[in-house]
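Asks: next one to model:
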Amino acid sequence: MALFTFNSAVDFRAELGAIDALAAGDVDGVIYDELFGLPVSLTTTFADFGAPGTTLEVVYSYLTDTTSFTVSGGAEYQFVMLGEYGIAGGYALQAGIAGISGYTPDYISIDPGSVVRAFGTRDEMLGEGRLIGAGGRDKIELEQALPGGDGLGAAGRSFGMGGYGDDILKAAVLLATLKGQGGDDTLVAEFGRVAMFGGTGADDFIADNGFWDDFGTVEQASERTRAAIRDFDGTEDAFVFASVDSTMPAGSAPVRESLADRFGAGDLSTLANFTDDGVAYKFNQNGAGDAVLVRKGTDGDGRSYDEKVTFKNLALADIDRADVFLQDYHADTYEFF
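Replies: Below is the predicted model:
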């Protein structure tokens, strides 16, 4: 079963209208925690929803503060939203995801097996599974979509696919693939094992393992970033070691310095390893001849980094210092949830 498997936004809005019109379910059930006697989930079932033999099940989870809508039998689909939508008086789903009519909806997936397809031109998508953007400037974050979630519960590989637009894609799960596809995309590896494909366009590949020392709950031993860039193009792409700067005001533009600006022109094969603010930067090649860039250590603000980024099919001599940057930025630059 997939999420948002509709042919168009119009079809989906029509389905939301049918759900909005519901007043009471056929079966209600509450599951309680056996130890404390507190409610864990509330399930409402609607038999013959839309057609005989088709069932709509609405489940609100008190633990995650999410409501899932699942239709089975006949046409099958599922979508998940943050918050609780009560039966009495209808759900007001149209207002809850008004972005379907042209603004920005938040698509939430808490199931690594789900497929979420965007409709709009500036969609924001969060969670695990296959999150697939459309033709606009999408923002896709692969992360365990639970309050305080840290991605450690991810089962299998999650995928973020931008489509044809200037997208931001982030990976903060244990195993992920990011594909920018068309447009000038920004791909961010925060932690986990990440395969990164920029696609066509001038793309930024960013490593920022230290972000989670400020905003995450990941244990340091699990926080490592191991990224593989599959299609780096030195004629238009850039690679960035990024660091949050807590002194920068909100809305500030990132501040970048290329390795060419700092150390002079040349490629990475002639650049010596160096240390900056207590953090070591190393430039190696693996047995296959691929360039491997490493950042490891703890900076003066207490942020720890453990990153290893492999440039597939490129040697150090193939990467210009002018295409590799150190960057300071405000925490909200790539955040959107």
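Asks: now do the helices in this structure.
Replies: Using DSSP state H, the helices assigned to the chain run over residues 9-20, 93-96, 211-215, 259-263.
Asks: among those helices, which gets the worst mean confidence?
Replies: Mean pLDDT across these is lowest at helix 93-96; the value there is a mean of 46.
Asks: need the helix or strand of this structure with the lowest average pLDDT.
Replies: Lowest by mean pLDDT, DSSP states H and E among the helices and strands of the chain is helix 93-96, with a mean of 46.
Asks: per the annotation, how does the chain divide into domains?
Replies: According to the domain assignment given by automatic domain parsing, the chain is divided into the following structural domains: 9-96, 105-329.
Asks: of these, flag the one that's most buried.
Replies: Highest mean neighbour count of these: domain 105-329, a mean of 19 (counted as mean count of other Cβ atoms under 10 Å). From N, CA and C alone the C-beta is placed, and that goes for glycine too.
Asks: which residues does residue 243 form a beta bridge with?
Replies: Residues found in beta-bridge contact with residue 243 (criterion: DSSP bridges) are residue 328.
Asks: over to residue 58?
Replies: With DSSP bridges applied, residue 58 shows beta-bridge pairing to residue 44, residue 69.
Asks: was I right about it contacting residue 49?
Replies: No: Residue 58 is not in contact with residue 49 according to Cβ atoms under 8 Å; the separation is 10.1 Å.
Asks: OK, contacts around the residue lying closest to residue 237 once chain neighbours are set aside?
Replies: Beyond its immediate neighbours in the sequence, the residue positioned closest to residue 237 (Cβ to Cβ, 6 or more residues apart in numbering) is residue 203, lying 4.9 Å away. Shown in contact with residue 203 (Cβ atoms under 8 Å, 6 or more residues apart in numbering): 180, 184-187, 233, 236-238.
Asks: what is the residue most central in space within the chain paired to in the beta sheet?
Replies: Closest residue to the average C-alpha location of the chain: residue 141 at 1.4 Å, with Cα atoms, centre = their mean. Bridge pairing for residue 141 (DSSP bridges) gives the partners residue 126, residue 170.
Asks: and the residue nearest to residue 237, what pLDDT?
Replies: Residue 203 is assigned a predicted lDDT (pLDDT) of 96.
Asks: do residue 246 as well
Replies: The pLDDT attached to residue 246 in the predicted structure is 80.
Asks: how close does it get to residue 303?
Replies: Computed with Cβ to Cβ, to the nearest Å, the distance linking residue 246 and residue 303 is 9 Å.
Asks: pretty sure residue 303 sits against residue 243.
Replies: Yes: proximity of residue 303 to residue 243 meets the contact threshold set by Cβ under 8 Å, at 6.9 Å.
Asks: okay, and the common contacts of those two?
Replies: residue 210.
Asks: got the contact list for residue 131?
Replies: Taking Cβ under 8 Å, 6+ apart, we find residue 131 in contact with 107, 109, 116, 125, 140, 142, 158-161.
Asks: kindly recompute the last result at 6 Å.
Replies: 116, 125, 140, 160 (Cβ atoms under 6 Å, 6 or more residues apart in numbering).
Asks: just list whatever residues bridge to the last one.
Replies: Translated: residue 160. In this entry, residue 160 is beta-bridged to residue 131, residue 178, by DSSP bridges.
Asks: cool, and the first one?
Replies: Under DSSP bridges, the beta-bridge partners of residue 116 are residue 3, residue 131.
Asks: in the stretch 1-150 of the chain, where is pLDDT below threshold?
Replies: Residues of the stretch 1-150 of the chain meeting the criterion pLDDT under 70: 1-14, 23-27, 74-75, 79-114, 118-122, 144-150.
Asks: swap in the stretch 201-337 of the chain?
Replies: Of all residues in the stretch 201-337 of the chain, those with pLDDT under 70 make up the ranges 211-223, 335-337.
Asks: show me the contacts for the closest residue to residue 284 other than its chain neighbours.
Replies: If you skip the residues right next to it in sequence, residue 284 has residue 292 as its closest partner in space, 4.6 Å away by Cβ to Cβ, 6+ apart. For residue 292, the set of contacting residues under the criterion of Cβ under 6 Å, 6+ apart consists of 284, 286, 310.
Asks: and the residue sitting furthest away from the middle of the chain, how far from residue 229?
Replies: If you look at how far each residue of the chain sits from its centre, by Cα atoms, centre = their mean, the farthest one is residue 52, at 37.9 Å. Here the criterion is Cβ to Cβ. By it, residue 52 lies 52 Å from residue 229.
Asks: fine, thanks again, bye for now.
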